[in-house]
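*Asks:* Curious how this folds, go ahead:
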Amino acid sequence: MDTVKIMIIGAGFGGLCMGIKLKQAHIDDFMILEKADDLGGTWRENTYPGAECDIPSALYSYSFAHNDAWHSKWSGQKQIHQYQHDTAKRYQLEQHIKYQQQVTAATFNDTSQRWLVTTQCGQQYDVQHVICAVGQLHHPSVPVFKNAEKFTGSMFHAAQWKHDVDLSDKSVAVIGSAASAVQFIPEIANEVKRLTVFQRSPNWILPKIDRPYAKWEQRLSAKVPLVTKAYRWSIWAIGEYLMFPAIKGHRLSRFLVKTMCKRNLNRHIQDQDLKTKLTPDYPIGAKRVLFSDHYYPALASPQVDLNCDGVQAFDEQGIIDNNGQHTPVDVIIYGTGFKTNPFLADIEVWGSQLCSLRDTWKNGAHAYLGVSVNGYPNLHLLYGPNTNLGHTSIIIMLEAQSDYVLSLITHLDNTSALSCEVKRNVELDYNQALQVRLKDMAFSKIANSWYKDGDKVTNNWAGGTKEYVRRLQTNDLENYRYT
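*Replies:* Predicted coordinates:
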């Protein structure tokens, strides 16, 4: 059994950020366990055509790791993944990462005040702190349809793209029309013989206005990083002061964002029936507002059909919708997103007095500041419950959480205690107040959303990033019990 002070689970943006913060604090006694054979998280997994971030790269990057080599304003999967590798190398994280180590269990020992972490291959680690950085978007969600097993063609989820399947001159069905689908549909629309998109509900879509960076812009960014910082701030400000107020229900902000979305739709779609099908009936922000310059033009193509009647069943040759219409297809691609609840679904977590995290979260996941859970000393979450965003970069949240966890670790080192645990009443009061705020926001205005577990919003934060960062920078160490 190996002994280590700090165990980070996951080598995506969150885990790498935490590792860098530890290195900067001159803490080297840590390990990062990664289930795959490479780092990167969602940017390793999602390789579908057109995969890219829906936040401009100047903001979807670490504030402390400037990159002057972005190819375009909105970088694709390959370059984001390369940025992760380059950053890990710059901060010498490779020596701390162990690959193909999928964590299956973590058990807290009340006597030693330490965790026993177990991996799928049977390896065990004795650690003081467990930091979960496994993310929210890594389990593909595949709906169960009648007779799906009878379909004889190729079938796969966008997050598990089969690059060996040739789509040229094929009839293809895409089930789902959210973030991933909006990106890959334009990439395959001109390649296939026929494309049918099965849409459950439309999305509010803003124009992306993407373009490559000129060489002089890259050189300017390299020589004067302050220029990129100013651009980064401007992107953040648009999200914080326009998009977030719209989600919160501010009438003028909501009107402005809605108007921009409708103008984007009207610019590309002339057919009134299609325009009606593509117009959402829910408030801005109830589902994530998307960005695309190419999705609407793709749907307007003569070889593309939009079906809003829902999927009733499959058969050997295709899909039958709820009106009984049969669509023959050769390939079916799921663009149906990810399972986000329950959190930490792959790991059995047993806390103090052998309490089960699954039982603790049976009515929906919760955590103080999205980081700490009562009953689970020295367990720290990155991108935990109620820390997702619908208006700006999640990396802002990850940096704040990593700094906060580091402050807990260093404070504990300066005491005679072995563990810290958020007080029960502190977590309870925090989450009750949070849910009250969330009930008035767009996230709560629809029944079916990956933001929710039942009627409870478990994924999203109720405020802006400015408020969240400020709250985590506040010295609240008295809210923890030290043992």
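*Asks:* ok, and the closest non-adjacent residue to the most centrally placed residue in the chain?
*Replies:* Nearest to the geometric centre of the chain sits residue 137, at 4.7 Å (C-alpha atoms, centre = their mean). Once flanking residues are discounted, residue 137 sits nearest to residue 338: 4.5 Å by C-beta to C-beta, 6 or more residues apart in numbering. No exception for glycine: its C-beta is placed from N, CA and C like everyone else's.
*Asks:* cool, and residue 10?
*Replies:* Using C-beta to C-beta, 6+ apart, the nearest residue to residue 10 is residue 133, at 4.0 Å.
*Asks:* so the one you found touches residue 6, yeah?
*Replies:* No. Contact criterion C-beta atoms under 8 Å: residue 133 and residue 6 do not qualify, at 11.6 Å.
*Asks:* and residue 173, what is it in contact with?
*Replies:* If a contact means C-beta atoms under 8 Å, 6 or more residues apart in numbering, then residue 173 has 195-198, 318-319, 327, 329, 331-333 as its contacts.
*Asks:* Considering these, which possesses the most neighbours?
*Replies:* residue 333 (28 neighbours; other C-beta atoms under 10 Å).
*Asks:* Quick check: the gap between the residue nearest to that residue when sequence neighbours are not counted and residue 377.
*Replies:* Counting by C-beta to C-beta, 6+ apart, residue 174 is the residue found nearest to residue 333 once chain neighbours are left out, at 5.0 Å. Distance, residue 174 to residue 377, by C-beta to C-beta, to the nearest Å: 46 Å.
*Asks:* State the distance from the spatially closest residue to residue 51 that is not a sequence neighbour to residue 117.
*Replies:* Leaving out its chain neighbours, the residue that sits closest to residue 51 by C-beta to C-beta, 6+ apart is residue 77, at 3.9 Å. Counting by C-beta to C-beta, the separation of residue 77 from residue 117 is 30 Å.
*Asks:* These two: which is more packed in?
*Replies:* The neighbour count for residue 77 versus residue 117, taken as other C-beta under 10 Å, is higher for residue 117 (25 against 21).
*Asks:* Could you spell out the sheet neighbours of the lowest-mean-pLDDT helix or strand in the chain, each with its direction?
*Replies:* Every helix and strand in the chain was compared by mean pLDDT, DSSP states H and E; the lowest is strand 452-453, with a mean of 84. Strand 452-453 has the following strand partners under DSSP bridges: strand 456-457 (antiparallel).
*Asks:* OK, contacts around residue 483?
*Replies:* Contacts of residue 483 (C-beta under 8 Å, 6+ apart): 113, 377, 417-421.
*Asks:* pLDDT score assigned to it?
*Replies:* Note for residue 483: predicted pLDDT of 94.
*Asks:* Could you measure from the residue nearest to it when sequence neighbours are not counted over to residue 352?
*Replies:* Distance criterion C-beta to C-beta, 6+ apart; nearest residue to residue 483, sequence neighbours excluded, is residue 419 at 5.0 Å. To residue 352, residue 419 is 9 Å away according to C-beta to C-beta.
*Asks:* Which neighbours do these two have in common?
*Replies:* residue 377.
*Asks:* Comparing those two, which shows the higher neighbour count?
*Replies:* Using other C-beta under 10 Å, the more surrounded residue of residue 419 and residue 352 is residue 419, with 22 against 17.
*Asks:* Distance check, that one against residue 248.
*Replies:* Residue 419 is 37 Å from residue 248, by C-beta to C-beta.
*Asks:* ok, now residue 112?
*Replies:* 46 Å.
*Asks:* These two: which is more packed in?
*Replies:* Taking other C-beta under 10 Å, residue 112 and residue 248 do not tie; residue 248 has more neighbours (18 against 12).
*Asks:* That one contacts residue 444, correct?
*Replies:* No. Residue 248 is not in contact with residue 444 according to C-beta under 8 Å; the separation is 11.6 Å.
*Asks:* And the helices in the stretch 251-400 of the chain?
*Replies:* Counting by DSSP state H, counting those that start in this stretch, one finds helices in the stretch 251-400 of the chain at the ranges 251-268, 272-277, 295-299, 357-360, 394-413.
*Asks:* Just the pLDDT at the residue nearest to residue 51, thanks.
*Replies:* So, for residue 77, pLDDT stands at 96.
*Asks:* try residue 212
*Replies:* pLDDT, residue 212: 93.
*Asks:* For it, which non-adjacent residue is spatially closest?
*Replies:* Per C-beta to C-beta, 6+ apart, closest to residue 212 is residue 72, 4.6 Å.
*Asks:* Residue 123 too?
*Replies:* That would be residue 101: by C-beta to C-beta, 6+ apart, it lies 6.6 Å from residue 123.
*Asks:* what about the one you found, how many neighbours?
*Replies:* 19.
*Asks:* Angles on the backbone of it, please.
*Replies:* phi -120, psi 80 (degrees, to the nearest 10).
*Asks:* Please name the residues that touch it.
*Replies:* 33-35, 119-121, 123.
*Asks:* so how far is residue 36 from it?
*Replies:* Counting by C-beta to C-beta, the gap from residue 101 to residue 36 is 10 Å.
*Asks:* so residue 159 sits in a strand?
*Replies:* No. Counting by DSSP: H, G, I helix; E, B strand; the rest coil, residue 159 is not part of a strand but helix.
*Asks:* and the residue lying closest to it once chain neighbours are set aside, bridged to which residues?
*Replies:* Nearest residue to residue 159, sequence neighbours excluded (C-beta to C-beta, 6+ apart): residue 140, at 4.5 Å. Beta-bridge partners for residue 140, by DSSP bridges, are residue 338.
*Asks:* can you count the residues close to the residue nearest to residue 10?
*Replies:* Considering only other C-beta under 10 Å, residue 133 is surrounded by 28 other residues.
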